[in-house]
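Student: need a structure here:
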Amino acid sequence: MRRLVSSVLLAFATVGVLAVPAGADSSTPVKTVLSYDYSDNNAPASASGDSFNVIIDVVAQKNEVGGQIRVVAVAPADSNDANLVCGWQNVVKGKVECSFAFPDSGVWAIKSTYAATPKSPVIASAVTQLRVAN
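Tutor: From the prediction side, this is the model:
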């Protein structure tokens with residue numbers, strides 16, 4: 001009798017384990033991460049001169065990366081500069097590149113926003129600091 005009960009419990013436990021993944025929640029969102037790419041990843045990001053390109057990499061759990069990214073360079077608080085905006089751009093091969101011509105020196109915040117379309121909810125966002133010396 002003990003063997004029968006043990007085998008029945010083992011059989012039900014095995015079926016239960018096999019059934020749980022099949023019934024897993026499929027509404028879990030795909031995790032997406034934005035990262036910044038600079039020419040020298042060994043030093044803090046800095047720019048000097050005319051313009052500076054910022055590359056945003058879109059890393060998703062699934063390789064199906066589409067959507068659009070908007071990048072804003074937020075001017076230093078002590079400057080009278082307006083924020084610089086790189087409008088919505090399509091993600092191509094998991095990347096978007098924006099070029100900024102910074103008018104003044106200081107630490108600029110580079111903010112990226114990723115969404116399926118410009119009017120859809122934000123999927124991911126990232127911020128980094130960029131030191132500009134003109």
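
Student: least trustworthy helix or strand in the protein by mean pLDDT?
Tutor: helix 2-22 (a mean of 43; mean pLDDT, DSSP states H and E).

Student: Any idea how far apart the tips of stretch 107-121 sit?
Tutor: When the termini of stretch 107-121 are compared using C-alpha to C-alpha, to the nearest Å, they are 29 Å apart.

Student: What residues sit buried inside it?
Tutor: Buried residues in stretch 107-121, counted by 16 or more other C-beta atoms under 10 Å: 108, 110, 112-115. Backbone N, C-alpha and C define where each C-beta goes, glycine included.

Student: Let me know the closest of those residues to residue 101.
Tutor: residue 108 (11.7 Å; C-beta to C-beta).

Student: Could you say which helix or strand holds that closest one?
Tutor: Per DSSP states H and E: residue 108 is located in strand 106-115.

Student: Which strands or helices does that strand pack on?
Tutor: The helices and strands touching strand 106-115, judged by 3 or more C-beta pairs under 8 Å, 6 or more residues apart in numbering; DSSP states H and E, are strand 32-37, strand 52-60, strand 68-74, strand 122-133.
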